[in-house]
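1. Dropping a prediction and its sequence here:
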Protein chains: 2
Amino acid sequence: MARLVKHEKNAPYEIAEGAKLPLYICACGLSGNKPFCDGTHKKTRDEGAEVYVYDDNGRVRVTNAY
Amino acid sequence: MARLVKHEKNAPYEIAEGAKLPLYICACGLSGNKPFCDGTHKKTRDEGAEVYVYDDNGRVRVTNAY
């Protein structure tokens, strides 16, 4: 159960004073509303033992090229 | 400026009621203290235009295998 996710940011998200808690922070890497969870992790629940990459077409398995 | 980060979790982190704000949430993907920023994003600031993977030995470039 693992996936490779592309990250493009190079500075953290701030959760500012006054934010309403509790908050749920994306851990699967796939949320469309980062840093917050949007429930997309449900897609990962049937992953096998390999490593995957997700795109608009779904999930692809990452394997050695040769 | 981008990198592929392996994610293994399939449920969000909770920032519970009573947490002290502001908080800084990892966005680069590389923090050793997720979901919180630990400053590791500084390593990414000299990335070029390619996509990278980081491991204990440093940074490797991801390119097409053929």
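-> Everything's here; your move. Residues are numbered from 1 along each chain as shown, chains lettered A, B, ... in the order given.
2. does the nearest residue to residue A:5 once chain neighbours are set aside count as helix, strand or coil?
-> Ranked by Cβ to Cβ, 6 or more residues apart in numbering or on different chains and with sequence neighbours excluded, the top spatial neighbour of residue A:5 is residue A:29, at 3.4 Å. Any C-beta I mention is one placed from the backbone N, CA and C, and that applies to glycine too. Three-state call for residue A:29 (DSSP: H, G, I helix; E, B strand; the rest coil): coil.
3. What pLDDT is listed against residue A:21?
-> Here the pLDDT value assigned to residue A:21 is 98.
4. what's the neighbour count on it?
-> 13 (other Cβ atoms under 10 Å in any protein chain shown).
5. show me the contacts for it.
-> Counting by Cβ atoms under 8 Å, 6 or more residues apart in numbering or on different chains, residue A:21 touches B:15, B:16, B:17, B:18, B:19.
6. Now with 7 Å, please.
-> Residues near residue A:21 by Cβ atoms under 7 Å, 6 or more residues apart in numbering or on different chains: B:15, B:16, B:17, B:19.
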